[in-house]
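K.L.:
Take this sequence and fold it.
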Amino acid sequence: MKVPEICESFGFSRCYVSDIIHGFNSIGFQILESKYKNCGKKPKFTEENRRKIIDTALSKPEDLGLPFTQWSLNKLRDYLVASDDIDSISIETIRKILKANGIKYRRTRTWKESNDPQFELKKTLS
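P.N.:
The predicted model follows:
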């Protein structure tokens with residue numbers, strides 16, 4: 001393939017494609033190891049951070065001295081940030097880390113029940 005065809009096929013700039021080709025012609029496959037080895041965004045959270053998130057999510061909040069019985073993603077985030085192990089983290093990032101490890105969180109739904117003895121009667125009349 002010619003440079004313009006490669007550019008069009010893969011969406012790379014002409015300069016980038018030429019640079020790769022010239023590097024390959026001069027040093028071979030080593031161009032891919034040396035020049036482009038450290039490309040890409042570094043992960044913000046270490047494996048230790050991820051393990052802390054998972055372990056905390058699997059623990060009971062009551063065992064950690066917290067006044068609730070279930071984690072929500074908001075409460076989990078607040079706890080992790082307050083623990084000084086993690087500076088900041090989004091709820092979506094927590095959800096993705098948990099999902100990648102087979103842990104699913106769903107929104108907690110609550111409901112109220114009436115203690116009125118005439119509730120059923122009133123419910124049918126309205």
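
K.L.:
When you work out contacts or count neighbours from here on, use the C-alpha atoms and nothing else.
P.N.:
Will do.

K.L.:
Sketch out the low-pLDDT regions of the protein for me.
P.N.:
34-41, 107-111, 126 (pLDDT under 70).

K.L.:
Tell me which residue lies nearest the centroid of it.
P.N.:
In the chain, the residue lying closest to the centroid (CA atoms, centre = their mean) is T93, at 2.6 Å.

K.L.:
any idea how far it is from I20?
P.N.:
34 Å (CA to CA, to the nearest Å).

K.L.:
what separates the residue nearest to the centre of the chain from G65, distance-wise?
P.N.:
The value you get for T93 to G65, if CA to CA is used, is 25 Å.

K.L.:
Got the domain ranges for this protein?
P.N.:
Domain ranges of the chain: 3-34, 47-100, per automatic domain parsing.

K.L.:
would TSV of those with distance to E113 be doable?
P.N.:
Shown next, in TSV, are these (distance: least, CA to CA, whole Å):
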stretch	distance to E113
domain 3-34	60
domain 47-100	20
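
K.L.:
ok, residues contacting the top helix by length along the chain?
P.N.:
Secondary structure assigned by DSSP state H gives helix 14-27 as the longest helix of the chain. Residues from elsewhere that reach helix 14-27, judged by CA atoms under 8 Å, 6 or more residues apart in numbering: 3-4, 6-7, 30-31.
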